[in-house]
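Asker: no sequence on hand, only this structure:
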């Protein structure tokens, strides 16, 4: 149960980030792995926005 609450909290935190926030985090990343992480999240944000626009 506690693990599930943490997962929901992580998702809620992710939703607060804009594409531009994630792009800035990507630029400041110290490792390739960290860059990959932020680029993946930014791609998710873009996909979500594309779905929203296509659905309109």
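Answerer: Looks like it came in fine. Everything quoted here is computed from the prediction, not taken from an experiment.
Asker: and the helix or strand hosting residue 21, what does it pack onto?
Answerer: Element membership for residue 21 (DSSP states H and E) is helix 19-28. With contacts defined as 3 or more C-beta pairs under 8 Å, 6 or more residues apart in numbering; DSSP states H and E, the packing partners of helix 19-28 are helix 32-55. Heads up, the C-betas are built off the backbone N, CA and C, glycines and all.
Asker: if we can go back for a sec, now the helix holding residue 21: buried residues?
Answerer: Of the residues in helix 19-28, 22, 25, 26 count as buried by neighbour count, 16 or more other C-beta atoms under 10 Å.
Asker: can you tell me which of these is nearest residue 56?
Answerer: The closest of the buried residues of helix 19-28 to residue 56 turns out to be residue 22 (C-beta to C-beta; 23.2 Å).
Asker: got the contact list for that closest one?
Answerer: 38, 39, 41, 42, 45 (C-beta atoms under 8 Å, 6 or more residues apart in numbering).
Asker: find the centremost residue of this protein, please.
Answerer: For the chain, the residue nearest the mean C-alpha position is residue 41 (3.2 Å; C-alpha atoms, centre = their mean).
Asker: wait, it touches residue 15, no?
Answerer: No: because the distance of 10.8 Å does not satisfy C-beta atoms under 8 Å, residue 41 is recorded as not touching residue 15.
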